[in-house]
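J.: model this:
(chains A, B, C and D)
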There are 2 protein chains.
Amino acid sequence: MTIGELTRRTGLSASAIRYYEVERLIPPPRRRSGRRDFDSGAMSQLVVVQLARDSGFSIAEVRSLVTEFGRERWRKLAQRKLGEIRSASRRLRVMTNLLEKLLDCECPDIEFCGRAISRSRSGSSPKTRSGASSRARPPLSLRPKV
Amino acid sequence: MTIGELTRRTGLSASAIRYYEVERLIPPPRRRSGRRDFDSGAMSQLVVVQLARDSGFSIAEVRSLVTEFGRERWRKLAQRKLGEIRSASRRLRVMTNLLEKLLDCECPDIEFCGRAISRSRSGSSPKTRSGASSRARPPLSLRPKV
DNA sequence: CTAGGACTTCAAGTACACTTTAGGTCAAGA
DNA sequence: TCTTGACCTAAAGTGTACTTGAAGTCCTAG
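T.: Alright, predicted model coming up:
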C-alpha cells in the first residue's frame, strides 16, 4: 500500500504519516525503489495511533504506548491516561448539558450557567482545594471526524 | 477579588486570565489603583470560559460563545460544537475500552486492537468514504483537572 | 523521449495558546 | 524609610505538532 492510499484510508496527511514514522509511532515500512510500501499491520497500528492522538496522548505518550507495550512503565501511563480520559469525559458531559440548555433557552445568560456549574462542582469536590491544580497540563486534543 | 485570588479559585494562571481579557473572553474588570478587581460574575464567566476551552473551543470560538450569546451565528456555532463534542465523546469511549482491554491483557498486541477498532468502525460507517475527512481540524483540547 | 503525477529528503515555516522577561507601581509591615 | 510581595504593561519567547518549500527520483502513458 502506498502512502497515498494510506492517506485515503486513514484521513491523515502524508506529511503527518512520515512525521509519525520519524517520531517512531509507527515502524518504518519496507521500501519499493525508495517509496514506502505499507502492509495492513501498519495501517492497524496507525489507527491506534490516530485514536490515541485524538484522545489526548502527546506524540511522546503515543510512542510509549506503542513501543513499551505491556511493560510496567506502560501500565502506569495507560492508567494515568485512563483517569485523564474519564475526567475529560465528565467535562464534555457538563459542556454538552450546558450547550443543550443554552440552545433550549433554559439559561438566561452565560454567568447564570457559570454559577450553576460552580455549584454542581463545589458539591462534588472539596472546595478548599486551593491553587496549582492545572500545573503542566497535558492537553488532550480531540479532532472531529468519525 | 484580586487576580491572585481568582487564580486560586479557578486554577488558571494570572497571565492566562489577563490574556483572556485581552482576547475579550471576559470583560475588563474595574480597577482599584491600577489593579484588577473582579466580582463574582467575572468568576462565573471565567468558569464557563474554562469549561469551553477544556471542551475544545478555540479562543476565537469562546469569544463568539460569550459575545454573541443567543444570536443566530451563536446557535450555529453551538450546534456544530455540540456535534463535535459528541463525536469526541465517542472516540474517548473507544479509547477507554481499548485501554481497559489492554490493561486486562485481553488484547495480544496493538495491531490486533487496531484491527478490532477498524472492524467496529467499518461496520457503522460507509467504508468507501475516501479522503479529505480531517481538513482544517479544530482541535478539541482537554486538560485533566476537576 | 518526454510529461505528469506520486513519491522522496531535509530544512524551514506556521498556528495556537499561553508564558516569560523586563522594567515599573503600589500598599503594608519591620 | 526600606523592603517585600502582589500587581501592572508590552514585547518577546516557547512548545507542540505538524505543514510547506525546494529540489530531486521514479514509473507510466502518450
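J.: So what touches stretch A:30-48?
T.: A:1-3, A:5-6, A:9-10, A:12, A:17, A:20-21, A:26-27, A:29, A:65-66, B:98, B:110-115, B:117-118 (CB atoms under 8 Å, 6 or more residues apart in numbering or on different chains). C-beta coordinates here come from the backbone N, C-alpha and C atoms, glycine included.
J.: Which among these count as buried?
T.: Neighbour-count burial (16 or more other CB atoms under 10 Å in any protein chain shown) is assigned, among the contacts of stretch A:30-48, to A:3, A:6, A:9-10, A:12, A:17, A:20-21, A:26, A:29, A:65-66, B:98, B:110-115, B:117-118.
J.: Show me the strands in chain A, by range?
T.: Along chain A, the segments classed as strands by DSSP state E run A:30-32, A:35-37, A:140-142.
J.: Pull out the buried residues from the second one.
T.: Yep, that's strand A:35-37 we're talking about. In strand A:35-37, counting by 16+ other CB under 10 Å, buried: A:Arg36.
J.: Distance from it to the middle of the chain?
T.: 28 Å (CA atoms, centre = their mean, to the nearest Å).
J.: ok, that strand near DNA strand C or not?
T.: Yes: against DNA strand C, strand A:35-37 shows contacts by CB under 7 Å from any atom of the strand at A:35-36.
J.: Which strands border that strand, and is each parallel or antiparallel?
T.: In the sheet, strand A:35-37 lines up against strand A:30-32 (antiparallel) (DSSP bridges).
J.: lowest-pLDDT helix or strand in chain A?
T.: strand A:140-142 (a mean of 52; mean pLDDT, DSSP states H and E).
J.: quick one on the thing from earlier: could you pick out which of the contacts of stretch A:30-48 are near DNA strand D?
T.: Restricting the contacts of stretch A:30-48 to those near DNA strand D - CB under 7 Å from any atom of the strand - leaves A:Tyr20.
J.: measure whichever residue of chain A sits closest to DNA strand C to A:Ala16 for me?
T.: In chain A, the residue that lies nearest DNA strand C is A:Gly4 (2.4 Å; CB to the nearest atom of the strand). Using CB to CB, to the nearest Å, we find A:Gly4 at a distance of 13 Å from A:Ala16.
J.: between those two, which one's more packed in?
T.: Between A:Gly4 and A:Ala16, A:Ala16 has the larger neighbour count (other CB atoms under 10 Å in any protein chain shown), namely 17 against 12.
J.: In terms of pLDDT, where does the more buried one sit?
T.: pLDDT for A:Ala16: 97.
J.: go on, the one 10 residues further on?
T.: Looking at A:Ile26, its pLDDT stands at 97.
J.: How about A:Arg121?
T.: pLDDT recorded at A:Arg121 is 71.
J.: Could you report the neighbour count for it?
T.: Other residues close to A:Arg121 by other CB under 10 Å number 14.
J.: For the nearest residue to A:Arg86 once chain neighbours are set aside, give me its contacts.
T.: Nearest non-adjacent residue to A:Arg86, counting by CB to CB, 6 or more residues apart in numbering or on different chains: B:Thr96, 7.1 Å away. Neighbour list for B:Thr96: A:82, A:85-86, A:89 [criterion: CB under 8 Å, 6+ apart].
J.: Need those residues in a markdown table (columns: pLDDT and distance to DNA strand D).
T.: Output for those, formatted as a markdown table (pLDDT from 0 to 100; distance: CB to the nearest atom of the strand, whole Å):
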| residue | pLDDT | distance to DNA strand D |
| --- | --- | --- |
| A:Leu82 | 95 | 18 |
| A:Ile85 | 94 | 15 |
| A:Arg86 | 94 | 20 |
| A:Ser89 | 94 | 20 |
